[in-house]
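[1] Here is the input, now give the coordinates:
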Amino acid sequence: MSTRPPIGFDRFQLDIDRGLLMRSGRSLKLPRKAFAVLCHLAERPGETVTRDELLATIWQERIVRDDVLTKSVYEIRTLLGDSRSTPRFLQTVHGRGFRWIATPSPPPAILPRSTTVRASPPLPFVGRRAELKRLHAALAAAESGELRIVSLRGAAGMGKTRLLEPIFALARSRHAKILTAGAGGASLHCPYWPWSQLLRDYLRNSSSAEIEQTLGRRCAAQLAVFVPSVRDHFAGLTEGAINPATAGARFLKAMVALLGKIAHRQLLVLGFDDAHHASDSSLALLRAVAEALRGAPVLLLCLSRSFESQRNLALRTLFDQWRDHPGCDEILLQPLSDRESRKLIASALQAAPTSASVIDRIARDTRGNPYFMLEVVRSLPPAVDDASTYSVPIAIEALLSEQLAAVGAATRELLRVAALSGGPCNCRVAAHAAELSLSAAEAARQEAIAAGLIVDAEDQPLQLRLRDELLRATLLRPMSPLERDHLQSRLKAVAGD
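    Below you'll find the model as predicted:
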């Protein structure tokens, strides 16, 4: 499933999938609803988006006053340094709504800190035979007319999206309709955000004749509230009055009807990525789709991160309900084996002069995470015979930072102390250095284990052992020398006692 590139304008970068707004490389904070408004407008440059549409799509789950939108627009303009009277980014269309007028700038390439980047060669598919066999079986069952649901979970970078590539290729060879959606960073703030993306995917990859025949004018009018580009395929389909209280329910009903019509004609494969980011309304639609399409030739693939999915109550409840469905399968992606890791690293390095120690070091540092392996290889110079020192690639650091942001402040502080210790650290010593009570430190340790950030050594329950050196480097890099000195002095004082 593809990831949308960041939207660049002036000195800003808006990464909708990751929920980030950055200026000159620094992350900016924007209230949740204001960020959702910004995303909605920036994805439709030059279009006039009505106030009613914004209220219906972003605040549809509750009745609100019109001034909440005015407040969000004010917050966006204040953060961007924009002006209502002489706008550069966000223009008011009097009596109607708003228009995004920012001049686009190319997003910066996400490169590692080293100046040399190794070209990415075509790579063989390594491992995952058992998982692929189960996915093939699910596709075959769906093709025979039975709804199949596959919940594919794993840590960030474990290869969930990559695993679907051969399944999508096989489905295409069988003339399936493949639709994908990603519940990116804006999804928690925008009702039905991933489903709007899925509908846009359908519009891009279907003929006008098919769209007109499948949707029909009534269904199109209900969907156009959230995805106005639907109107481009229906002459004379104008904006009608929008009722924020019912727009969401109408969109849900129309989406279920659309997918049902597609599945009536052909095998339908739905890919729902990053489900752990999805809002309650998006998950309610996912549940409704699964219930309505029982007995239809549909393969529903739901991808999520293991730790984050456990913290999303609505998603956890949905998974619990699906377990009772006879056509549901749960696949948990584990790290690659040492042999598989070395094979993947050697393939990525190709014929470059490389010593065995380089492969050993990368395999040891990445702990079976295929994405981490490939990013580290990509950051190395073309000829390398020593991997004793290399910077953590920016893409990996960003992903690890997301994982750290998902845990509590006490857990992050305990991990910072563990990173400074340079090796396995006694939990009680780390608790005193982090100024945590023993009970708080134990709760933090358990959360770090659940998040996969430290190794769960049953024979040494009081030891804190970070998962890998990449995580250690990510924890240490933001620390100022003063912070390091302070924590190290506390570690020494506690150890001395």
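[2] quick one, strands of this protein?
    In the chain, strands defined by DSSP state E lie at 7-9, 12-15, 20-23, 26-28, 48-50, 90-93, 97-100, 148-154, 177-182, 268-273, 298-305, 328-332, 425-426, 463-464, listed in chain order.
[3] List the contacts of the longest one.
    Yep, that's strand 298-305 we're talking about. Applying CB atoms under 8 Å, 6 or more residues apart in numbering, the external contacts of strand 298-305 come out as 1, 138-139, 142, 147-156, 160-161, 164, 167, 171, 259, 263, 267-276, 286, 289-290, 293, 315. The C-beta positions use only the backbone N, C-alpha and C, and glycine is treated the same way.
[4] partner strands of it, parallel or antiparallel?
    Its sheet considered, strand 298-305 pairs with strand 148-154 (parallel), strand 268-273 (parallel) by DSSP bridges.
[5] nearest to V377, of those strands?
    Distance to V377, taken as CB to CB, is lowest for strand 148-154 among the strands paired with strand 298-305, at 20.5 Å.
[6] can you list the residues that contact the closest one?
    Under CB under 8 Å, 6+ apart, the answer for strand 148-154 is 134-135, 138-139, 141-142, 160, 163-164, 290, 298-306, 309, 319, 322, 325, 327-334.
[7] give me every residue that touches N312.
    Contacts of N312 were listed using CB under 8 Å, 6+ apart, and they are A275, H276, A278.
[8] ok, so of those, who is nearest P228?
    Of the contacts of N312, the one sitting nearest to P228 (CB to CB) turns out to be A278, at 22.1 Å.
[9] for the strands paired with strand 298-305, which one sits closest to C219?
    For those, the distance to C219 is smallest for strand 268-273, at 16.5 Å, taking CB to CB.
[10] Output the below-cut-off pLDDT ranges for the stretch 351-497 of the chain.
    By pLDDT under 70, the low-scoring segments of the stretch 351-497 of the chain are 351-354, 382-390, 458-459, 461, 495-497.
[11] on that earlier part again, dump the strands of the chain into CSV; add distance to D201 and mean neighbour count as well.
    Formatted as CSV, those follow (distance: least, CB to CB, whole Å; neighbours: other CB atoms under 10 Å):
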stretch, distance to D201, mean neighbour count
strand 7-9, 18, 19
strand 12-15, 19, 22
strand 20-23, 22, 18
strand 26-28, 28, 11
strand 48-50, 20, 17
strand 90-93, 27, 17
strand 97-100, 21, 20
strand 148-154, 19, 23
strand 177-182, 5, 22
strand 268-273, 10, 25
strand 298-305, 14, 26
strand 328-332, 24, 16
strand 425-426, 47, 20
strand 463-464, 44, 22
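[12] Surely G368 and L336 touch.
    Yes: with contacts counted by CB atoms under 8 Å, G368 reaches L336, the gap being 4.4 Å.
[13] which of the two has more neighbours?
    The residue with more neighbours, out of G368 and L336, is L336; 24 against 20, by other CB atoms under 10 Å.
[14] Next one: the more buried one from P124, what distance?
    Distance, L336 to P124, by CB to CB, to the nearest Å: 13 Å.
[15] ok, now which ones touch N426?
    By CB under 8 Å, 6+ apart, the contact set of N426 is L462, Q463, L464.
[16] switch to 7 Å and redo it
    Counting by CB atoms under 7 Å, 6 or more residues apart in numbering, N426 makes contact with L462, Q463.
[17] what about it, distance to A434?
    According to CB to CB, N426 stands 12 Å off from A434.
[18] Show me where the stretch 51-200 of the chain has its helices.
    Along the stretch 51-200 of the chain, counting by DSSP state H, counting those that start in this stretch, helices occupy 51-58, 67-80, 129-143, 160-173, 193-204.
[19] What is the fourth one packed up against?
    Contacting helix 160-173 under the criterion 3 or more CB pairs under 7 Å, 6 or more residues apart in numbering; DSSP states H and E are the following elements: helix 129-143, strand 148-154, strand 177-182, strand 268-273, strand 298-305.
[20] quick one: it to strand 268-273, angle?
    170 degrees (axes from the mean of the first three to the mean of the last three CA atoms, to 10 degrees).
[21] give me the number of residues near A363?
    Counted with other CB under 10 Å, residues neighbouring A363 total 21.
[22] contacting residues for it?
    Contacts of A363 (CB under 7 Å, 6+ apart): D338, S341, R342, I345.
[23] List buried residues within those.
    Buried members of the contacts of A363, counted by 16 or more other CB atoms under 10 Å: S341, R342, I345.
[24] Could you export the contacts of N312 as TSV, including distance to K253 and pLDDT?
    Listed next are the contacts of N312 as TSV, based on distance: CB to CB, whole Å; pLDDT from 0 to 100:
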residue	distance to K253	pLDDT
A275	21	89
H276	26	88
A278	19	85
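[25] Would you mind checking which of the residues you listed is nearest to W100?
    Nearest to W100 among the contacts of N312, with distances taken as CB to CB, is A278, at 24.6 Å.
[26] Longest helix of this structure, counting residues only.
    Counting by DSSP state H, the longest helix found in the chain is helix 244-265.
[27] so where's the stretch 1-150 of the chain uncertain?
    For the stretch 1-150 of the chain, the stretches with pLDDT under 70 are 1-4, 25, 60-66, 106-123.
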